[in-house]
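# Model the following, please.
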Amino acid sequence: MSNGFFEGTEKKVELAVSAGTPDLRSLGEQRWGEIVRAAGANVISRLSTESCDAYLL
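Residues are numbered from 1 along each chain as shown. Reported below is the predicted structural model:
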């Protein structure tokens, strides 16, 4: 029986960073795409502001 509700598969990506790590924004879209694909997902959309990048996977 379908009630019209769909809950997508959740993905979790953890990155370990240490002191002296370059700004994560400097990795660029291509590198973030590689990281996300390694988790079995794809970047569908990206929003950026001066202080934040948000990705819809």
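# Could you count how many residues lie near Leu27?
15 (other C-beta atoms under 10 Å). The C-beta positions use only the backbone N, C-alpha and C, and glycine is treated the same way.
# sec struct for it, please.
helix (DSSP: H, G, I helix; E, B strand; the rest coil).
# Quick one: residues contacting it.
If you count contacts by C-beta atoms under 8 Å, 6 or more residues apart in numbering, Leu27 has them with Ile35.
# So that it lines up with my notes, have the first residue be 710 from now on.
With 710 as the first residue, the last one maps to Leu736.
# Count the residues that sit near the nearest residue to Leu765 once chain neighbours are set aside.
Nearest residue to Leu765 in three dimensions, chain neighbours excluded: Ser754, at 4.2 Å (C-beta to C-beta, 6 or more residues apart in numbering). Residues near Ser754, counting by other C-beta under 10 Å, number 8.
# what are the phi and psi angles of Ser754?
phi -150, psi 150 (degrees, to the nearest 10).
# Correct me if wrong: it contacts Glu738.
No: if you go by C-beta atoms under 8 Å, Ser754 and Glu738 don't touch, sitting 11.8 Å apart.
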